[in-house]
Structures are given as structure tokens and as C-alpha cells.
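Student: What follows is a protein structure lacking sequence information:
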């Protein structure tokens, strides 16, 4: 555990460091020197401060993303739990659209299942039956992750503070209710330019993407900001993330669900990122 307990000043300094990196599009040093590597409370305090500032600037929350759902990644970072970040409306990218690489810092892509909620997950037991019933539909998704921290040199504290290393997300088609699609049985293939660069299945996401959603529902309620009807939840990567370069075209296929794609270009002239 940490040898110190960071105060409000350290939290504010960490948030400012990440904000400056994002604004300048120049990665910064890790923030663990300010908040520690594994102080969960301090890391989420930074994330909450960044969220508040984004809301003050006119941002609109559209849901949450779950990260660190893979046991291999958890072992790599020395943690035993997933994390979450906040999704905003300006993070949404249309299926098949083109994103300017220069608008990001050091992006990577991962494929996952997104759930769109039809009911709040604020009350009740939040058991498996309630979680399943609350899902209006599932869609294939790509998360474009990014780190404001140089070289992706992150610990649990760094990535949580940095909003779960989030950047953009793409929702594909079609939308299917869970009566027509079983997330744990899904198989994912991610292609770049027609070549498979990542693959996995539903069991790679905390054993079942619905288990990841249940974890998030309980955690969000515990921190006083429960999931609401209409929220999009990115349930976690089904396979390894892949670095992005200008000219790349990615397409993910999730069996039983559908497909989703995105491409990347150099300048802001071609296409729109949101």
C-alpha cells in the first residue's frame, strides 16, 4: 500500500498535469509521484475532479467504460480488480468514420461488447437477473484508448486518474437484445487492413461481460453515481489492444452480434472524429 495519503493539493496537481497533457497533446510523466500507485481513493478523486471540470465546460455524460478486465493485464499491473472511466458525448465516433491521429497522443484500439441500458441500476440487489433485465440491447464496439502519460508507463493509480486511459468509442450494428445474443459465448476478431491483429472471447472479460457490468453497477452505486437508463457501458476488451497509425482501417466482428469499424488519418481535413 502507499506510504502516504495524498491530500487535495496533490489530487489537484495530478489533475492539472493530465489536463495540460491533453490540451497540448504532449504526454506527461506519471501522476503516481503525487497520488501513489495503488491508492484507489486518491486515483478516483483525480478522475472525479477531471469529470467535474469537463461537465463545467459543457460536457455530457453518456455512460461508463470498464477497464482492466483481463487477468493478464491485472497481473501485469499488479492489481486484483478492474477499473472504470466516464464516457462523454464528444467521445462518440460514428461507425466507419475516420479519426485524425493527430487529435490523440498515443492511441490503441480494442474490441468489446457495449451494453445500452433500458433501466436504472440504482436500487435492488443488482444480481444477475436484474443486470440482464436492465440491458436494452448489446452492440459491437471499438474503444480507442489513449494515455496522457508518456509511453503508457502506468500503474493502477495512473490509469484510473487518467479516466481509465479513455479517448473515443465507436458503436457498431446491429443492436440485439440479450434474448438473441449471449455475451459470454461471443468470439471476437479484430482486423487491421484485412489482417487479424487481435482475437478473444466473452470469457476474457471478467469471465462474462455481464459480470463486468454487474461489478460496475455495484461500484457505481457504492460511490453514489449509479448507472442510468440510456447509459452506454463498454464492458471491457475481449482481446489485446493494438497500436494505431495513420492509414489504419480496423474492423471488429463479434459472432452472434455484428461488426464495427473505424479508420485513421493524419490531418483533420479528412472525415470527422465525432
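Tutor: Happy to help now that I have it. Computed from a predicted structure; not experimentally measured.
Student: Now do the contacts for the nearest residue to residue 201 once chain neighbours are set aside.
Tutor: Spatial nearest neighbour of residue 201, excluding adjacent residues (Cβ to Cβ, 6 or more residues apart in numbering): residue 187 at 5.0 Å. The C-beta positions use only the backbone N, C-alpha and C, and glycine is treated the same way. If you count contacts by Cβ atoms under 8 Å, 6 or more residues apart in numbering, residue 187 has them with 199, 200, 201, 202, 254, 255.
Student: Any figure for the gap between residue 187 and residue 106?
Tutor: Counting by Cβ to Cβ, to the nearest Å, the separation of residue 187 from residue 106 is 29 Å.
Student: try residue 87
Tutor: Residue 87 is 20 Å from residue 106, by Cβ to Cβ.
Student: Neighbour count for the two, which is higher?
Tutor: Per other Cβ atoms under 10 Å, whichever of residue 87 and residue 106 has more neighbours is residue 87, with 25 against 18.
Student: how about that one, phi and psi?
Tutor: phi -100, psi 140 (degrees, to the nearest 10).
Student: Per-residue pLDDT of the nearest residue to it once chain neighbours are set aside, please?
Tutor: Counting by Cβ to Cβ, 6+ apart, the nearest residue to residue 87 once its immediate chain neighbours are dropped is residue 63, at 4.3 Å. Note for residue 63: predicted pLDDT of 98.
Student: Give me the below-cutoff pLDDT ranges for this protein.
Tutor: Scanning the chain for pLDDT under 70 picks out 1-5, 72, 76-78, 267-274.
Student: any idea where the strands of it begin and end?
Tutor: 61-67, 83-88, 92-93, 98-100, 108-117, 135-145, 168-171, 187-192, 195-201, 232-237, 242-243, 249-254, 258-265 (DSSP state E).
Student: so which of the ones you listed gets nearest residue 32?
Tutor: strand 83-88 (14.4 Å; Cβ to Cβ).
Student: Give me the sheet partners of that closest one and which way each runs.
Tutor: strand 61-67 (antiparallel) (DSSP bridges).
Student: which other residues reach the strand it pairs with?
Tutor: By Cβ under 8 Å, 6+ apart, strand 61-67 touches 51, 55, 82-89, 91-92, 143, 159, 164-166, 169, 212-213, 215-216, 220, 227, 231-236.
Student: Give me the buried entries from these.
Tutor: Neighbour-count burial (16 or more other Cβ atoms under 10 Å) applied to the contacts of strand 61-67 gives 51, 82-88, 91-92, 143, 159, 164-166, 169, 212-213, 215-216, 220, 227, 231-236.
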